[in-house]
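Undergrad: Got a predicted structure here, sequence first:
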Protein chains: 2
Amino acid sequence: MRKVTVFITLKQGVLDPQGNQVQESLQSLGYNVVQDVRIGKYIELLVEDGPDLEVRIQEMCDKLLVNPVMEDYYYEVKEDVHS
Amino acid sequence: MRKVTVFITLKQGVLDPQGNQVQESLQSLGYNVVQDVRIGKYIELLVEDGPDLEVRIQEMCDKLLVNPVMEDYYYEVKEDVHS
């Protein structure tokens, strides 16, 4: 069993209203040091190991987890987890 | 200017209906190799550098970005970014 972490972010140039809202809230709390905020998704998967693990991760991202029009992603395959 | 990345996940034991839904969807697409799915947030901040940068990051997380009852977080301060 492998722990896989997928990081999904909005593509450059895609508007991020949620990020803008968080930035305004931080600045209203006095954190004017914050110049930009981008919000993304962070998905942890527990996946059975196997020779085609990487192919399956990319397929799952391309088919369901990631919106290819607006989002970029990268993933990390972490340590072997004994369920 | 520093690029700060905050990773926010649900605490162990907290139900994750969104994660369960994604897991069911993946399995309905034939990916029965997926045993567990946990969904979190991934926030990228562009923050002015300074001696109290780490303190400010923790304050922003504790005051706004993270729900301490249900969520855990960690953060990484990445390279110096020239805006």
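TA: That came through, no problem.

Undergrad: Residue A:12 in helix, strand or coil?
TA: coil (DSSP: H, G, I helix; E, B strand; the rest coil).

Undergrad: need the longest strand for chain A.
TA: strand A:34-47 (DSSP state E).

Undergrad: doesn't residue B:66 make contact with residue A:22?
TA: No. Applying C-beta atoms under 8 Å as the test, residue A:22 and residue B:66 come out as separate, 11.7 Å apart. C-beta: built from backbone N, CA, C; applies to glycine.

Undergrad: ok so, going back, give me the buried stretch members for the longest strand of chain A, please.
TA: Buried residues in strand A:34-47, defined by neighbour count with 16 or more other C-beta atoms under 10 Å in any protein chain shown: A:34, A:36-47.

Undergrad: check those against chain B, which are close?
TA: A:34, A:36-47 (C-beta under 8 Å from any C-beta of the partner chain).

Undergrad: ok, of these, which one's closest to residue B:80?
TA: residue A:36 (14.8 Å; C-beta to C-beta).

Undergrad: Report the spatially closest residue to the closest one, excluding sequence-adjacent ones.
TA: Leaving aside its sequence neighbours, residue A:36 sits nearest to residue B:46 (C-beta to C-beta, 6 or more residues apart in numbering or on different chains; 3.9 Å).

Undergrad: go on, residue A:54?
TA: Once flanking residues are discounted, residue A:54 sits nearest to residue A:77: 7.4 Å by C-beta to C-beta, 6+ apart.

Undergrad: got it, and residue A:59?
TA: Among residues not flanking residue A:59 along the chain, residue B:31 sits closest, at 7.8 Å (C-beta to C-beta, 6+ apart).

Undergrad: Where does pLDDT dip in chain A?
TA: A:82-83 (pLDDT under 70).

Undergrad: what angle do the longest helix seen in it and strand A:34-47 make?
TA: Counting residues, the longest helix found in chain A (DSSP state H) is helix A:17-28. Calculated by axes from the mean of the first three to the mean of the last three C-alpha atoms, to 10 degrees, helix A:17-28 forms an angle of 130 degrees with strand A:34-47.

Undergrad: Could you list the buried residues of helix A:17-28?
TA: A:19, A:22-23, A:25-26.

Undergrad: Now do it: distance to the chain's middle.
TA: Distance, stretch centre to chain centre, for helix A:17-28: 19 Å (C-alpha atoms, centre = their mean, to the nearest Å).
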